[in-house]
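Q: need a structure here:
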Amino acid sequence: MNIKSIPILKIPENNPYLNALKYLFIFIPAIVYFSLVNKYALNIPSQDDYDAILGFLSKFETAHGLERMYLLISQHNEHRILSSRIVYVLYYHIFGNINFRSIIFIGNTQLFLVFIFAVIFIKKCLPGQWVIASFFTSLCLFDPNGWENADFAMGSMQNYGIIMLFTASLYFYSLSGRKYLFAGILLQLLCIYSSGNGIIAAGVIVFFNFLIKDRLKIIFSLIILLVFSPLYFVSYRYPAPQPHNYYKIIMYFFHLVCAHIYFYDAQLAIISGVILLVVFATLLPVNKKLQIRPQMIPFVCISAFLLASMGTISIFRSNEPGPAYCSRYLVYPHFVFAVTYIFLLITLQGKKIMWPLAISISLLMLPVYNMNMWGGIHGLEFLSRNLKSTDYYYPDKNGAKIIAEKACSLNIYCIEKNR
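A: Numbering: from 1, shown residues only. Here you go, the predicted model:
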């Protein structure tokens, strides 16, 4: 296969200097984001890194045959994290050890891939306005306010990984050539076993194939969903049931929806979340016959995945003590905000008000980005201080110590050499 025949790798040939400037412009937030990752990322495990990476690799190294396959798909808390574990195993066997700083960069690179797939979809539905839509999306996705993922190996691998697998599967299913079908199927299968909302991702991919009306893709994606989703729960250990307060769940959801913009007042944040959802629903590119333009189908499906994931987060996290939401979940409202802006541009296409309004909203986003930037930097500094000053940054320090000593004895990673 000629590498240039793959759509994602096509290089624009007209006005190369102008195209280079356009891409540089839309990548500015990514450059800023990765410079922060480079500044603060440490080769020290944080929180779930002890169990999810060091503990897992210690077990994997002493296991054999089918036991290793079982470990790859075994639970971590209430999730299965297959894609992340594949990366940990590959990295360890290639380099002979684990470097958390490198894993952090791999995890955050997944966010960069999500952005690339988003730009591809944007260029199809907004060919004349793709630069400003992509820049706005870049501001949202590479927002430093999601600092937990930016400097937490397991967090970035998981929270960015499932969105990357979903958007990548969506992309390959969207291509017309049958040669791309296997990639879409494989990525959909990985979705199911790679996070708590992986089954949601696989279901939305089936929905996508129904919308594009491709019978073969419907059949294959439906088989993947119906066969492998039930297998996810074989030998599954259910977490202890908790009473659900539906009022708290709903309030948490609305608060999370608008979490891209930080509000000091929780009530104002919830009201803003309701307003944003109303605006989103109003701009949804669906006509009176419930038909969606083909170019907009990917973003409708991305929206469905994001909102369903946020609903799931609200159900399982609304009872937890502490902040209203964790920064590692902010990638979802960040992306929803970007999609809402894309829907606005679609709605206003061909109208005189489009460009003034699009530019005005983008300029208004800059102070929000700046506010989130400083919030993110404070969070990164907080985590960096804790990792450097705490012997084991984990609730169960004795358990973390045992895991770390075991990993060091197996030459996987020695924390004392990296403090």
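Q: residue contacts, the residue in the chain sticking out farthest from the centre?
A: Distance from the C-alpha centroid of the chain, by Cα atoms, centre = their mean, peaks at K352 (34.9 Å). K352 makes contact with no residue under the criterion Cβ atoms under 8 Å, 6 or more residues apart in numbering. In this view, the C-beta of every residue, glycine as well, is placed from N, C-alpha and C.
Q: what strand or helix carries it?
A: Using DSSP states H and E, K352 falls within no helix or strand.
Q: likewise the one 4 residues further on?
A: Taking DSSP H and E as the definition, one finds P356 inside helix 354-389.
Q: which is the next helix or strand following that helix?
A: helix 397-409.
Q: can you give me the mean pLDDT across that following helix?
A: In this model, helix 397-409 has an average pLDDT of 90.
Q: which strands and helices sit next to that helix?
A: Contacts defined by 3 or more Cβ pairs under 8 Å, 6 or more residues apart in numbering; DSSP states H and E place helix 397-409 against helix 56-62.
Q: for the helix it packs on, packing partners?
A: By 3+ Cβ pairs under 8 Å, 6+ apart, helix 56-62 packs against helix 66-73, helix 82-95, helix 397-409.
Q: next, the buried residues of the last one.
A: For helix 397-409, burial by neighbour count (16 or more other Cβ atoms under 10 Å) applies to 400, 403-404, 406-408.
Q: neighbouring contacts of that helix?
A: Contacts for helix 397-409 (Cβ under 8 Å, 6+ apart): 45, 50-51, 54-55, 57-58, 98, 391-394, 413-416.
Q: quick one: buried ones out of these?
A: With neighbours counted by 16+ other Cβ under 10 Å, the contacts of helix 397-409 contain buried members at 45, 50-51, 54-55, 57-58, 98, 392-394, 413, 415.
Q: next, format the residues you listed as JSON lines and append pLDDT and distance to L307.
A: JSON lines is the format used below for the buried ones among the contacts of helix 397-409 (pLDDT from 0 to 100; distance: Cβ to Cβ, whole Å):
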{"residue": "P45", "pLDDT": "91", "distance to L307": "33"}
{"residue": "Y50", "pLDDT": "91", "distance to L307": "32"}
{"residue": "D51", "pLDDT": "91", "distance to L307": "30"}
{"residue": "L54", "pLDDT": "93", "distance to L307": "35"}
{"residue": "G55", "pLDDT": "92", "distance to L307": "33"}
{"residue": "L57", "pLDDT": "94", "distance to L307": "35"}
{"residue": "S58", "pLDDT": "92", "distance to L307": "38"}
{"residue": "I98", "pLDDT": "93", "distance to L307": "35"}
{"residue": "Y392", "pLDDT": "85", "distance to L307": "37"}
{"residue": "Y393", "pLDDT": "85", "distance to L307": "33"}
{"residue": "Y394", "pLDDT": "88", "distance to L307": "32"}
{"residue": "Y413", "pLDDT": "89", "distance to L307": "38"}
{"residue": "I415", "pLDDT": "86", "distance to L307": "40"}
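Q: tell me which of the residues you listed is nearest to Y369?
A: Within the buried ones among the contacts of helix 397-409, the smallest distance to Y369 is 28.5 Å, found for Y393 (Cβ to Cβ).
Q: perfect, that will be all.
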